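**Q** Pasting the sequence and the predicted coordinates here, then a few questions.
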Amino acid sequence: MSSGQIASGIYLGLWLVLVASSLALRRLPRGRIASLGAAWLAIILSLWALITVAQKWL
């Protein structure tokens with residue numbers, strides 16, 4: 001498996017988690033959704049940065 005395929009799999013997994021969590025969060029208060037959304041955004045951006053750096057090294 002190449003690093004490009006691994007990165008694609010990670011991106012797909014992240015998007016699936018994002019969609020699943022957005023569906024699960026629909027019944028929460030708006031303030032809680034905003035804070036959890038910011039946390040998810042931080043997680044996704046940090047993983048994206050790690051993947052980008054790892055691809056440049058390989």
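**A** Cool, the structure landed.
**Q** which non-adjacent residue is nearest Ala54?
**A** Ser3 (7.3 Å; C-beta to C-beta, 6 or more residues apart in numbering). All C-beta atoms are positioned from the backbone trio N, CA, C, and that covers glycine.
**Q** Give me the distance between the one you found and Thr52.
**A** For Ser3, the distance to Thr52 (C-beta to C-beta, to the nearest Å) stands at 11 Å.
**Q** show me where pLDDT drops low in the protein?
**A** 1, 23 (pLDDT under 70).
**Q** How about the residue sitting nearest the centre point of it: what's its closest non-neighbour residue?
**A** Nearest to the geometric centre of the chain sits Ile44, at 3.4 Å (C-alpha atoms, centre = their mean). Among residues not flanking Ile44 along the chain, Leu14 sits closest, at 5.7 Å (C-beta to C-beta, 6+ apart).
**Q** Report the secondary structure state of that neighbour.
**A** helix (DSSP: H, G, I helix; E, B strand; the rest coil).
**Q** Verify the stated contact: it with Leu45.
**A** No: assessed by C-beta atoms under 8 Å, Leu14 is found out of contact with Leu45, at 10.4 Å.
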